[in-house]
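Chemist: Generate a structure from the sequence data that follows.
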Amino acid sequence: MEAPLQTEMVELVPNGKHLEGLFPAATPMAGNPRVVGPGRSCEGEGFLQKNPGKEPHFTDFEGKTSFGMSVFNLSNAIMGSGILGLAYGMANTGIVLFLFLLTAVALLSSYSIHLLLKSSGVVGIRAYEQLGYRAFGTPGKLAAALAITLQNIGAMSSYLYIIKSELPLVIQTFLNLEEKTSDWYMNGNYLVVLVSVSIILPLALMRQLGYLGYSSGFSLSCMVFFLIAVIYKKFQVPCPLPPNFTNVTGNSSHAEVVRGEAQLPVDAEAAAFCTPSYFMLNTQTAYTIPIMAFAFVCHPEVLPIYTELRDPSKRKMQHISNLSIAVMYAMYFLAALFGYLTFYGGVESELLHTYIRVDPFDVLILCVRVAVLTAVTLTVPIVLFPVRRAIQQILFQNQEFSWPRHVLIAVTLLVCINLLVIFAPNILGIFGVIGATSAPCLIFIFPGIFYFRIVPTEKEPGRSTPKILALCFAMLGLLLMTMSLSFIIIDWVSGTGQHRGSH
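Modeler: Below you'll find the model as predicted:
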């Protein structure tokens, strides 16, 4: 069925004209008032549909999501647990180098979305997998769907791992227990299943992504609270931590633990230790670049959000993307800066753990942990949507929407991810490989090569500046993938990776 649909698409573009800029608010193309289409509602298809009496649309429903809700959804898709590790990244790069790298990655991510949107506008497709099919046929479609599935399953699993590990500790703190008990509500496996069934599944069953804008806004509010707490704590925690340090809650400090494990200096070395570094290169610096790159992964969600946007246009969606990236850029930098300026070289790979070691019963940090748990819980349904769409593109293309199938895919995905989180003894290495392969593909490689193949040569020759830049962009992705996989393999061989903890 795919080949005839592509033929119909070509017929809609007479005399070398393209569909870029054609959206629901646009008028029919001159010389071809009758839109040719499959004539039925296809789940996941990005082609123009035949719909008498209405303006042509890319999908089988009219987008209803506002500009603000779209910003919330995309920002929530960008925001991840990686924000907890950025202070550690700054401690291994210095403030200036960290700011330079973060700025470069944010700009490259925005450029990558520009390539996706322009490719989408040329052929009238708003599905990542279909862009792959348009560029390279079935292999391209399968490669894109596989990358999206692996990346997002890895992301969802990491979020559920945070719930599994953090929620029992939060409950233990709420109950003021010195040690964990054997009760079911202190068992992370039971809690992650309970959260998945009661919160994540109902949100994941919604048909349209735009309805999650409210939960996305609340999730972002939780992360803003986290940022405010990090800034506040900078002025409450002295440097270096004295042995008898007592914080604002009145609980005695566990500074000796921090001093012993993080090797905080004392006396003569204190002044040097509490001086920030602006530029630093060490063995851990190379890990900061992939961490930053993965922190801006949102590309599988861009085209679904674009599809559901009210009165969509390429320029409007690019503004949404730029605003979302700018907001996350500011939050990432501020969280990293103030977290680093609080503990300097003593910061751990997960920032919250450093605060917990200072005082595990700090009320503010307890609230922050609850906020982070809420944020990652509400992010899982956003990340699940592109995975379900990828599965539909591979297995159920050209079929009408079906609620039983829609529900079955969501339930199956959540069951598989829960089983992975519960029974896998250690999947950090698997996550590392997934992140080092799928993220560079989705951010750098696929957008660059799709753009090169899809944009016609009569519009932009193969040696034109935009296409050369797109190829260079794809080559940069290959370089990052090679570098990331090399460091992971070196870590596996040497065993040094276990000392850094997870990000």
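
Chemist: Quick check: closest non-adjacent residue to Tyr232.
Modeler: Leu364 (7.3 Å; CB to CB, 6 or more residues apart in numbering). Backbone N, C-alpha and C define where each C-beta goes, glycine included.

Chemist: Quick check: that neighbour vs Leu191, distance?
Modeler: 23 Å (CB to CB, to the nearest Å).

Chemist: Ok, Cys298 next?
Modeler: 28 Å.

Chemist: The two: which is more packed in?
Modeler: Cys298 (28 against 20; other CB atoms under 10 Å).

Chemist: isn't the more buried one right next to Gly80, touching?
Modeler: No. In this structure, Cys298 is not within contact of Gly80 by CB atoms under 8 Å, at 9.4 Å.

Chemist: Point out where the stretch 301-450 of the chain drops to low pLDDT.
Modeler: For the stretch 301-450 of the chain, applying pLDDT under 70 flags the ranges 425-432, 435.

Chemist: outside of the helix or strand harbouring Ile228, which residues touch it?
Modeler: Per DSSP states H and E, Ile228 falls inside helix 213-234. By CB atoms under 8 Å, 6 or more residues apart in numbering, the surrounding residues in contact with helix 213-234 are 65-66, 68-70, 72-73, 75-76, 79, 83, 203, 331, 334-335, 338-339, 341-342, 351, 355, 364-365, 367-368, 371-372, 374-375, 378-379, 381-382.

Chemist: could you flag which of the residues you listed are buried?
Modeler: 65, 69-70, 72-73, 75-76, 79, 83, 203, 331, 335, 338-339, 341-342, 351, 355, 364-365, 368, 371-372, 374-375, 378-379, 381-382 (16 or more other CB atoms under 10 Å).

Chemist: Narrow those to those in helices?
Modeler: 69-70, 72-73, 75-76, 203, 331, 335, 338-339, 341-342, 351, 355, 364-365, 368, 371-372, 374-375, 378-379, 381-382 (DSSP state H).

Chemist: The nearest residue to Tyr159 once chain neighbours are set aside: neighbour count?
Modeler: Spatially, and ignoring its direct neighbours in sequence, Tyr159 is nearest to Val376 (4.2 Å; CB to CB, 6+ apart). Number of residues near Val376 (other CB under 10 Å) recorded here: 24.

Chemist: what about the longest helix in the protein?
Modeler: helix 138-174.

Chemist: what mean pLDDT does it have?
Modeler: Averaging pLDDT along helix 138-174 gives 87.

Chemist: helices and strands around the helix or strand just after that helix, which ones?
Modeler: Sequence-wise, the next helix or strand downstream of helix 138-174 (DSSP H and E) is helix 188-195. Helix 188-195 sits against helix 138-174, helix 403-423, with contacts defined as 3 or more CB pairs under 8 Å, 6 or more residues apart in numbering; DSSP states H and E.

Chemist: For the nearest residue to Leu366 once chain neighbours are set aside, give its distance to Tyr111.
Modeler: Leaving aside its chain neighbours, Leu366 sits nearest to Thr173 (5.4 Å; criterion: CB to CB, 6+ apart). With distances taken as CB to CB, Thr173 is found 44 Å from Tyr111.
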